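Asker: kindly generate the corresponding structure for this input.
(one chain, ligands or ions: 1)
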Amino acid sequence: MTIKLFHRDQYQTEFQARVIEQRERPDGTWEVYLDRTLFYPTSGGQPHDTGFLDGIRVMEVLETETPMVSEVEPGRNPGLIAHIVGAPVPTSVTAVEPGRSPGTILHVLEKSCAAPQVTGRIDWPRRFDHMQQHAGQHILSGAFFRLLGTQTVGFHLGKEEVTIDLALPALAPAEAAAAEDLANDIVFENRAILAHWVAPEELVNYPLRKPPARKENIRLVEVEDSITPPCGGTHPRRAGEIGLIKILGIERVRKDIRVHFVCGQRALQDYRLKNGWVTEVGARLSLPGPEIVAGVERLLTSLKEKDKALEELREDLLQYQVEGLLARRKRIGPEPISQSLRLSKRMDDASRNPAGKLPPESPPAPEEGLGLTSQESEPPEKVGERDDVAYYLINEVLADRLPAELRTLATRLVAKGRTVAVLASEKEAEQLAQLVVARSQDVPLDANALLKKGLLPMEGRGGGSPFLAQGAGKREKLSQARQAIDEAVRQAVLPRRSSALS
Ligand SMILES: [Zn+2]
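Answerer: Numbers count the residues shown, from 1 in each chain. Modelled structure (predicted):
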């Protein structure tokens with residue numbers, strides 16, 4: 001076992017010790033065993049100390065129950081003799097003097113120690129921080145016990161925060177505040193904190209919150225009239241050194257309540273940080289601290305109202321755009337019924353006019369590129385059948401739209417029925433253009449296949465469902481892409497090739 005100097009004087013920062021054993025670890029660091037140490041090992045929720053042994057950095061400190069081979073002297077610790085082979089030492093056979101506890105401390109160093117005698121120095125700010133947090137935890141746990149009769153079932157001393165888990169189904173903010181007040185009262189009264197070893201038979205004299213886990217080598221920590229559960233950690237002599245105990249938050253973790261808090265220097269840092277935030281927010285809002293919350297509330301309400309108004313405006317704009325695009329849609333397929341009656345004559349006229357000029361009595365001219373008159377040699381079909389296969393195509397480029405906007409627009413457009421919508425968006429200085437293809441439920445075409453036709457010249461990527469597909473590709477090839485889709489739709493829809501893409 002190692003003599004634990006930190007139990008004799010928790011304020012001592014330097015010590016001399018004899019190196020008993022050292023061995024290299026597989027990772028190249030060294031395990032060093034000393035006859036005595038000030039380095040507190042990670043245990044009981046308190047992290048280990050750091051520092052130096054003869055100028056070599058101590059990276060980790062652990063406690064093990066396996067004794068060092070060379071520490072066992074005949075006659076002194078007879079119980080250990082059986083364990084020279086390296087088996088764990090049961091604590092019950094280890095002789096422990098008051099002020100000592102069983103267990104061997106292992107220091108992990110960057111390299112081995114050169115001399116048989118070393119000087120050790122611990123990182124005092126780190127140790128003192130742990131003392132503040134650890135003692136603060138005892139006092140806060142004691143306050144929760146006194147007020148609510150609740151046990152602390154978990155403790156974690158983290159790099160930034162400390163937590164305790166309370167065996168409680170719920171904890172009201174007012175109850176947490178009362179415990180915080182009580183704990184700080186103990187700090188402000190600057191009560192003495194005493195640690196001492198007691199024999200098992202003496203335990204009946206102490207009002208412990210719960211029975212100790214071990215039967216021997218019991219170290220009690222008393223904060224005057226309040227006794228903590230047995231603890232081997234380091235604590236300041238007086239509660240005033242803890243400084244301040246501040247609860248930061250409460251959360252439910254499984255069936256317990258976890259209380260987050262900080263003590264001492266950490267509480268000061270936390271206050272400084274949060275005071276900075278409050279000051280900053282107050283300055284931005286031009287409000288004094290107490291009015292900040294109401295100010296933020298007003299901001300959020302106003303923001304919500306503006307969001308709602310913006311949403312309504314967007315909807316109006318969208319509707320306006322949808323109407324504009326629908327007005328420019330192109331009809332593909334045979335003429336409507338009323339005009340079909342005159343179709344033969346029109347087609348004859350068209351065949352004589354390669355430019356596609358229509359007689360004056362014709363309905364509004366189909367847009368250029370529609371290709372209606374390129375099929376004129378086909379004999380007219382029966383009126384009813386032909387009207388069934390008339391569709392509309394919207395093929396437009398919009399400036400600087402998000403893919404989601406294109407999708408929304410396209411979806412609205414095809415809701416009208418018998419419509420294929422091809423919407424593209426391009427933005428100056430951007431190499432990629434967006435492309436969306438959508439079709440109505442009653443159009444037997446595959447939007448995904450149409451999109452692929454467009455993405456081919458654009459060397460683009462994308463995909464989607466048979467109803468709605470989206471992609472992006474080279475902007476410079478956008479007109480080719482739109483043309484390719486346009487042609488594919490016409491080929492598929494016009495009577496002679498009506499199933500090309502379906
Ligand atoms: Zn403790």
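Asker: Pro403 contacts Gln434, doesn't it?
Answerer: Yes: Pro403 is within contact range of Gln434, at 5.2 Å (criterion: Cβ atoms under 8 Å). Every C-beta, even on glycine, is put in place using the N, C-alpha and C of the backbone.
Asker: what parts of this protein come near the ion?
Answerer: 134, 231, 233 (Cβ under 5 Å from the ion).
Asker: go with 6 Å
Answerer: 134, 138, 221, 231, 233, 235 (Cβ under 6 Å from the ion).
Asker: let's have those in TSV, adding secondary structure.
Answerer: Listed next are the residues of the chain next to the ion as TSV, based on DSSP: H, G, I helix; E, B strand; the rest coil:
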residue	secondary structure
His134	helix
His138	helix
Val221	strand
Cys231	coil
Gly233	coil
His235	coil
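Asker: overlap in contacts of Pro403 and Gln434?
Answerer: 425, 470, 472 (Cβ atoms under 8 Å, 6 or more residues apart in numbering).
Asker: skipping adjacent residues, who's closest to Thr2 in space?
Answerer: Closest residue to Thr2 apart from its sequence neighbours, by Cβ to Cβ, 6 or more residues apart in numbering: Ile105 at 4.2 Å.
Asker: and the one you found, how far is that from Val32?
Answerer: Ile105 sits 10 Å away from Val32, going by Cβ to Cβ, to the nearest Å.
Asker: again with Gln480
Answerer: Gln480 sits 75 Å away from Val32, going by Cβ to Cβ.
Asker: show residues contacting the helix or strand harbouring Ala178.
Answerer: Using DSSP states H and E, Ala178 sits within helix 173-188. Applying Cβ under 8 Å, 6+ apart, the external contacts of helix 173-188 come out as 136, 139-140, 142-144, 146-148, 223, 226, 239-240, 242-247, 250, 259, 261.
Asker: convert the C-alpha atoms of the helix or strand where the residue nearest to Thr2 lies to CSV, please.
Answerer: Using DSSP H and E, the element containing Ile105 is strand 104-109. In CSV, the C-alpha atoms belonging to strand 104-109 read as follows (Å, rounded to 0.1, in the frame of the first residue of the first chain):
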residue,chain,number,x,y,z
THR,A,104,-1.6,1.1,-3.9
ILE,A,105,-1.3,4.2,-5.9
LEU,A,106,0.0,4.0,-9.5
HIS,A,107,1.3,7.2,-11.2
VAL,A,108,1.4,7.2,-15.0
LEU,A,109,4.3,9.3,-16.2
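Asker: which strand is the longest one in the protein?
Answerer: strand 14-24 (DSSP state E).
Asker: show me what contacts Pro230?
Answerer: Pro230 neighbours (Cβ under 8 Å, 6+ apart): 212-214, 218-221.
Asker: filter these to the buried ones?
Answerer: The neighbour-count test (16 or more other Cβ atoms under 10 Å) marks 212, 218-221 as buried among the contacts of Pro230.
Asker: closest one to the ion out of the residues you listed, please.
Answerer: Using Cβ to the ion, Val221 is the member of the buried ones among the contacts of Pro230 that lies nearest the ion, at 5.0 Å.
Asker: against Pro207, how distant is that closest one?
Answerer: On the measure of Cβ to Cβ, Val221 and Pro207 end up 13 Å apart.
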